[in-house]
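**Q** my questions are about this predicted structure, shown below with the sequence.
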Amino acid sequence: MVHLGANQYGKAEVRLAHVARGAGPDGEDLFRDWNVSTSLSGDLADSHLTGSNEKVLPTDSQKNRAYALAKELGDVEPEVFAAALGSFFVSSQEPITRARVSVEEYEWSPIGATGYSFTRSGGLVRTTVVHVDSAAGTSVVSGLKDLTVLNTTASEFWGYPKDAYTTLPETKDRILATSVNAAWRFRPDAVDAGVDWAAAFSQARSTVLLAFAGTYSYSLQQTLYAIGSAVITALPEVCEVRLALPNRHHYLVDLAPFGLSNKREVYQAGDRPYGLIEGTILADDAPEDGLAWS
């Protein structure tokens, strides 16, 4: 015998660009570039068990609602957009009891003073995941990914166990580089009271950068804990931070065969394989949230 377990469906990676004409403080255009994904769940068993589509809102309709909502809301933070989109599906579709909306925002920077020229900023992607549940309320997780950072010194790695397969030499001075992937969960009461999403993201990003730069590191694990702790300290409305830090290795090149010394000047930048360090940091009073990470 078998039975149907958890299931959901939605529209993945809706590419949405929005121009707020003349809405900037000096009359310039404001441009947002988003990748929006929706996922709906609820009383949908019939669609799997009998093939009935009576309760299945087409994913094409989900896509079109995203475009229409962008027009209706204008220039807003991704958290505001995601919460509004999720709330629409839960309130308008009786079978739907939970909506998950994720938004990736790609950063663009103005060029010159035209007010309408932009260049795509490399690297950093802003992330947002909002769950709207008819019973449990709204959960918001913001974050960033692909934030590449590097310290040319102030990092060591030694004192680790060694076995027959250990070839990595200990070091008291190395390059430490990673591509930060971080997500932070907001306290439910803060979400209900209202959060300045733009300010919170700006504060979190700057805190990540300062914590990375300001931590003398004996391991990437130590750096991860320092970053997560700093974000929770800087943002009282945040109760949990999850981080994934790939170790972007840099290996000192042996230049002796060429009659040259190498006093920590020339490195081979490794691509793969790489170490991957992951961890979660929670405030001592962090409330449980069964929605945030599902």
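**A** The structure has been received and is ready for your questions.
**Q** which elements pack onto the least confident helix or strand in the chain by mean pLDDT?
**A** Lowest by mean pLDDT, DSSP states H and E among the helices and strands of the chain is strand 118-133, with a mean of 93. Contacts defined by 3 or more CB pairs under 8 Å, 6 or more residues apart in numbering; DSSP states H and E place strand 118-133 against helix 78-92, strand 96-110, strand 137-151. The C-beta positions use only the backbone N, C-alpha and C, and glycine is treated the same way.
**Q** tell me the buried residues in the first one?
**A** Going back to what we said before, that points to helix 78-92. 78-79, 81-90 (16 or more other CB atoms under 10 Å).
**Q** what pairs with the least confident helix or strand of the chain, parallel or antiparallel?
**A** Here strand 118-133 has these sheet partners by DSSP bridges: strand 96-110 (antiparallel), strand 137-151 (antiparallel).
**Q** quick one, strands of this protein?
**A** Applying DSSP state E to the chain gives strands spanning 14-20, 30-42, 96-110, 118-133, 137-151, 176-186, 238-246, 250-252, 267-269, 276-282.
**Q** okay if I get the ones you listed as TSV plus distance to residue 208?
**A** Below are the strands of the chain laid out as TSV (distance: least, CB to CB, whole Å):
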stretch	distance to residue 208
strand 14-20	26
strand 30-42	21
strand 96-110	15
strand 118-133	10
strand 137-151	7
strand 176-186	6
strand 238-246	9
strand 250-252	21
strand 267-269	22
strand 276-282	12
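**Q** looking at these, which is closest to residue 68?
**A** Checking the strands of the chain against residue 68 by CB to CB gives strand 14-20 as the closest, at 10.8 Å.
**Q** which helices and strands sit right next to the closest one?
**A** strand 30-42, helix 59-73.
**Q** of those, give the one that comes closest to residue 246.
**A** Nearest to residue 246 among these is strand 30-42 (21.4 Å), distances taken as CB to CB.
**Q** which parts of that closest one are buried?
**A** So for strand 30-42, counting by 16+ other CB under 10 Å, buried means 30-32, 34-42.
**Q** separation between residue 198 and residue 77?
**A** Distance, residue 198 to residue 77, using CB to CB, to the nearest Å: 5 Å.
**Q** swap in residue 182?
**A** Taken as CB to CB, the span from residue 182 to residue 77 is 17 Å.
**Q** which residues does residue 146 contact?
**A** With contact taken as CB atoms under 8 Å, 6 or more residues apart in numbering, residue 146 is in contact with 123-125, 179-181.
**Q** residue 10: neighbour count?
**A** 19 (other CB atoms under 10 Å).
**Q** what sits against it?
**A** 37-40, 59, 62, 100.
**Q** chain center to the longest helix seen in the chain, what's the gap?
**A** In the chain, with assignment by DSSP state H, the single longest helix is helix 197-214. Centroid separation for helix 197-214 versus its chain: 13 Å, with CA atoms, centre = their mean, to the nearest Å.
**Q** next: stretch 109-124.
**A** For stretch 109-124, the distance to the chain centre is 22 Å (CA atoms, centre = their mean).
**Q** in stretch 196-203, what counts as buried?
**A** Within stretch 196-203, the residues scored as buried using 16+ other CB under 10 Å are 197, 200-201.
**Q** ah, wrong one, I meant stretch 216-224
**A** Going by 16+ other CB under 10 Å, stretch 216-224 has these buried residues: 217, 219-220, 223-224.
**Q** closest to residue 143 out of these?
**A** Ranked by distance to residue 143 (CB to CB), the buried residues of stretch 216-224 are led by residue 224 at 14.2 Å.
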